[in-house]
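K.L.:
sequence and computational prediction follow.
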Amino acid sequence: MSTPAIDVGWGAVVQRVTPRLNGLWVLLGLIAVMALLPCIASPYALMLMLPFIGYGITLLGFNLLFGTTGLLSFGHALFLGVGAYTAAALTSKFGILSFELLLITAALASGLISLVIGALCVRYTRIFFGMLTLAFGMLFHSFLFKFYSVTGGDQGMRVLRPLLLGMEWRGGKTAFLTGPFYYYTLLLFALLGLAMWRITQSPFGLHLRAIRENANKAAYVGVQIFRMRLAAFVISAIYGGIGGTILAVTTGLADPELAYWTHSGNLVFMAVLGGSGTFAGPAIGALVFVLLQDFVMSVTQYWRFVMGAVLVLLVVFMPQGLSGTIEALVRRNGGR
Amino acid sequence: MTELIDVFLGGTFHAAVLFLVAAGLQLVFGVQKIVNLACGSFYALGAYFGITAVGLAIKFGMPPVLFFPVLIVAGLAIGLVGLPIERVLRTIYRRDESYQLLITFGFLLMFQDVFRFLWGATPRTMDDVYLAYGTANVLGVRVPTYNLLVIAASLGIAVGLGFFLERTRIGRIVRATAENRDMAEGLGVNASKIFALVFTVGCMLGTVGGALVVPSGAASLDMAVELVVESFAVVVIGGLGSMRGALVGALVVGLMRAAAISLVPELEMLSVYLVVVIVLIVRPAGLFGKATA
């Protein structure tokens, strides 16, 4: 395993001593810029930022599993699906419109499902973990796809406009999404980012890094590998569920493609694009991915080719991702 | 009874094609330790190219009954795209496996648009040569003779591959390289050449599989991503890196799907994933796999 190790073990202490740009500030800085965005950006650009917020939250969780614990899931889109379908079922079938309730239910649902799946998956590592999570993701996808009466099949399910803080918001769809919903989810992003930072800096986060570096050694010094991995899996799933809810409210639709394995592949793409070795990297990867995809799609209908080529080049020439490469450049120019 | 035979024949036909793709996946994983997500693209590539090749052959006055050998040759020829792809993969052999998985995912994305560009977004079918060989009667069930030919061809390839790996000199070198690359190089094996050979053969298995399946159905953009999951299921059930595993896994998946389609259509793919999950829980290394996890 040669995941770029940035702060292993006592690195956390070193970080406190040397004032260097840490991941939390990068993320919060990004969010602060986004908070000012509505003053200058067009509604179109703001509508692009919403999927970014959804993916950004998902990627924060995903990277706890991938970057911190060293487990590569190729079925993480399952939890986006769980979040999206929770929102769809609650709003259009049960008439529950409170966004807070949607989030809580989505978090609970993906937490519970991930507890079961995780208990089966985290015994395995490396490629087996990836394949098993992929199988579970596709299991869920074919359930969504085939059980038409429950899930609407390939048509998906509609997600109605939720109430924020129990209040109904008037105005058009775009006005709602780029106005109150934008700020609401952005705040959520910041809070969840803060929470994830606390998690990665806690003893629990250290345990996870120890497991990534050498599971046997970690077990030897008393780290409970199974429980720690399972906890990381559940936390990352909860972030995924919340991200999925945001994505579904943004598009107004929950469809089975959300849980398809190529969507999981896109999540891994984002993580590596931003750099899974850093805290804010994957979220930045999500931003660049969303912007790049939008740009390439507007230029050519063969956007998959371009994205695929970007991915291949990225893996060959910049395996540390954007943040890793920038960090390396800064360090070199810093003359240290 | 006839229904049972029907399911059996349908399942075996599907398994024959699945085996080819899965064998390619196994070969590449066994030697290069790369799980090739682009195997589905090779399969789709073979299918599209097979249609074009047979169309051209008929246009140049070839009798339609010769389309079967044309398909095999077309599959083998287009399989050569494996060579340039291996050149790119070569740069990351020593890298973490998540990157290797991801780079093949990149190739899969690229191929999707190559197909769209060359053959369009609507599914393509082959002009009616499927029934050129007529139908055969197997225990009271009528099946297209072509299906039986494909099953036979796949078995033939399986035997040939087994012979190549177990009995020939190059096969032994391939196995030695798979076991320990550095050691094999120490003994004078040109591992780069072996890797290029193995990847190209793996690629050809996929393209031939795609070329053989296309007369019975259509070539579509979805077939690549869908087949990846199925051949994943095959190798997980059979065990990563094992050829015998690929054969058994393909039969399990093929028959399971055929049975589910005729009994409970909703469970078509669900049943396959369930088997995968059960196998991974009970025997994580697969039925024939070595415990590597």
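P.N.:
Ah, there it is. Numbers count the residues shown, from 1 in each chain, chains lettered A, B, ... in the order given.
K.L.:
where does pLDDT dip in the chain?
P.N.:
In the absence of a named chain, chain A is used. Residues of chain A meeting the criterion pLDDT under 70: A:1-21, A:334-336.
K.L.:
try again with chain B
P.N.:
Applying pLDDT under 70 to chain B flags residues B:127, B:290-293.
K.L.:
just the strands in it please.
P.N.:
Per DSSP state E, chain B carries strands over the ranges B:124-125, B:135-138, B:141-144, B:218-219.
K.L.:
who does the last one touch, helix- and strand-wise?
P.N.:
Helices and strands touching strand B:218-219, by 3 or more CB pairs under 8 Å, 6 or more residues apart in numbering or on different chains; DSSP states H and E, are helix B:39-59, strand B:124-125. The C-beta positions use only the backbone N, C-alpha and C, and glycine is treated the same way.
K.L.:
so which residues on the stretch 1-150 of chain B come close to chain A?
P.N.:
The stretch 1-150 of chain B comes close to chain A at residues B:35, B:37, B:88, B:91-92, B:95-99, B:101-103, B:105-114, B:116-117, as judged by CB under 8 Å from any CB of the partner chain.
K.L.:
narrow these to those in helices?
P.N.:
B:88, B:97-99, B:101-103, B:105-114, B:116-117 (DSSP state H).
K.L.:
write a ChimeraX command that selects only the buried members of the residues you listed.
P.N.:
Here is the ChimeraX selection string for the buried members of these, based on 16 or more other CB atoms under 10 Å in any protein chain shown:
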select /B:97,98,99,101,102,103,105,106,107,108,109,110,111,112,113,114
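K.L.:
related to what we said a few turns ago, mind putting the strands of chain B into TSV with mean neighbour count?
P.N.:
As requested, these are exported to TSV (neighbours: other CB atoms under 10 Å in any protein chain shown):
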stretch	mean neighbour count
strand B:124-125	16
strand B:135-138	13
strand B:141-144	17
strand B:218-219	20
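K.L.:
and those: which comes nearest A:Gly205?
P.N.:
Closest to A:Gly205 of those is strand B:218-219 (CB to CB; 48.3 Å).
K.L.:
pull up the pairing partners for the closest one, direction included.
P.N.:
Strand pairing for strand B:218-219, determined by DSSP bridges: strand B:124-125 (antiparallel).
K.L.:
show residues contacting the partner strand.
P.N.:
Outside strand B:124-125, the residues within contact range by CB atoms under 8 Å, 6 or more residues apart in numbering or on different chains are B:48, B:51, B:217-220.
K.L.:
quick check, nearest of the residues you listed to B:Leu247?
P.N.:
For the contacts of strand B:124-125, the nearest to B:Leu247 is B:Gly217 (22.4 Å; CB to CB).
K.L.:
tally up the residues packed near the closest one, please.
P.N.:
Per other CB atoms under 10 Å in any protein chain shown, the neighbour tally for B:Gly217 reads 13.
K.L.:
and A:Met138, what element?
P.N.:
helix A:126-146 (DSSP states H and E).
K.L.:
CA atoms only for stretch A:279-296, dumped as PDB, please.
P.N.:
Provided in PDB are the C-alpha atoms of stretch A:279-296 (Å, rounded to 0.1, in the frame of the first residue of the first chain):
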ATOM      1  CA  PHE A 279      -8.200  16.200   4.200                       C
ATOM      2  CA  ALA A 280      -9.800  18.700   1.800                       C
ATOM      3  CA  GLY A 281      -8.400  17.100  -1.400                       C
ATOM      4  CA  PRO A 282     -11.400  14.800  -2.200                       C
ATOM      5  CA  ALA A 283     -13.900  17.700  -1.700                       C
ATOM      6  CA  ILE A 284     -11.800  19.800  -4.000                       C
ATOM      7  CA  GLY A 285     -11.800  16.900  -6.400                       C
ATOM      8  CA  ALA A 286     -15.500  16.900  -6.300                       C
ATOM      9  CA  LEU A 287     -15.600  20.600  -7.200                       C
ATOM     10  CA  VAL A 288     -13.100  20.200 -10.100                       C
ATOM     11  CA  PHE A 289     -15.000  17.100 -11.300                       C
ATOM     12  CA  VAL A 290     -18.300  18.900 -11.400                       C
ATOM     13  CA  LEU A 291     -16.900  21.900 -13.100                       C
ATOM     14  CA  LEU A 292     -14.800  19.900 -15.600                       C
ATOM     15  CA  GLN A 293     -17.700  17.600 -16.500                       C
ATOM     16  CA  ASP A 294     -20.000  20.600 -17.000                       C
ATOM     17  CA  PHE A 295     -17.400  22.400 -19.200                       C
ATOM     18  CA  VAL A 296     -16.600  19.300 -21.200                       C
END
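K.L.:
name the residues of it that come out as buried.
P.N.:
By neighbour count on 16+ other CB under 10 Å, the buried set for stretch A:279-296 is A:279-290, A:293-294, A:296.
K.L.:
out of the strands of chain B, nearest to B:Ala258?
P.N.:
Evaluated over the strands of chain B, closeness to B:Ala258 peaks at strand B:141-144, with 12.5 Å, by CB to CB.
K.L.:
each with direction, which strands does the closest one pair with?
P.N.:
strand B:135-138 (antiparallel).
K.L.:
so what's the gap between the strand it pairs with and the chain middle?
P.N.:
Counting by CA atoms, centre = their mean, to the nearest Å, strand B:135-138 is centred 26 Å from the centre of its parent chain.
K.L.:
got the CA positions of that strand in PDB?
P.N.:
What follows is strand B:135-138, C-alpha atoms only, in PDB (Å, rounded to 0.1, in the frame of the first residue of the first chain):
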ATOM      1  CA  THR B 135     -31.900 -24.900 -35.900                       C
ATOM      2  CA  ALA B 136     -31.100 -28.100 -34.100                       C
ATOM      3  CA  ASN B 137     -33.300 -30.400 -32.000                       C
ATOM      4  CA  VAL B 138     -31.900 -31.100 -28.600                       C
END
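K.L.:
ok, and the closest non-adjacent residue to the residue in the stretch 151-300 of chain A positioned nearest to chain B?
P.N.:
Nearest residue of the stretch 151-300 of chain A to chain B: A:Gly265, at 4.8 Å (CB to the nearest CB). Take A:Gly265 and drop its neighbours on the chain: the residue closest to it by CB to CB, 6 or more residues apart in numbering or on different chains is B:Phe105, 4.8 Å away.
K.L.:
got the contact list for that neighbour?
P.N.:
Neighbouring residues of B:Phe105 by CB under 8 Å, 6+ apart: A:265, A:268-269, A:308, A:311, B:37-38.
K.L.:
A:Thr68 reaches A:Ala232, doesn't it?
P.N.:
Yes. Here A:Thr68 reaches A:Ala232: they are 7.0 Å apart, a contact under CB atoms under 8 Å.
K.L.:
overlap in contacts, those two.
P.N.:
A:Leu208.
K.L.:
who does the one helix or strand A:Ala88 maps to touch, helix- and strand-wise?
P.N.:
Using DSSP H and E, A:Ala88 sits within helix A:77-88. Counting contacts by 3+ CB pairs under 8 Å, 6+ apart, helix A:77-88 packs against helix A:43-63, helix A:99-121, helix A:126-146, strand A:157-158, helix A:225-251, strand A:253-254, helix A:261-274.
K.L.:
any idea of the angle it forms with helix A:99-121?
P.N.:
In terms of direction (axes from the mean of the first three to the mean of the last three CA atoms, to 10 degrees), helix A:77-88 departs from helix A:99-121 by 150 degrees.
K.L.:
how distant is helix A:77-88 from the center of its chain?
P.N.:
With CA atoms, centre = their mean as the basis, helix A:77-88 stands 13 Å off its chain's centre.
K.L.:
output that helix as CSV, nothing but the C-alphas.
P.N.:
Extracted C-alpha coordinates of helix A:77-88, given in CSV (Å, rounded to 0.1, in the frame of the first residue of the first chain):
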residue,chain,number,x,y,z
ALA,A,77,-22.9,5.1,-4.6
LEU,A,78,-25.2,2.7,-2.9
PHE,A,79,-25.5,5.2,0.0
LEU,A,80,-26.2,8.1,-2.4
GLY,A,81,-29.1,5.9,-3.6
VAL,A,82,-30.2,5.2,-0.1
GLY,A,83,-30.2,9.0,0.7
ALA,A,84,-32.0,9.9,-2.5
TYR,A,85,-34.7,7.2,-2.2
THR,A,86,-35.3,8.0,1.4
ALA,A,87,-36.0,11.6,0.4
ALA,A,88,-38.2,10.5,-2.4
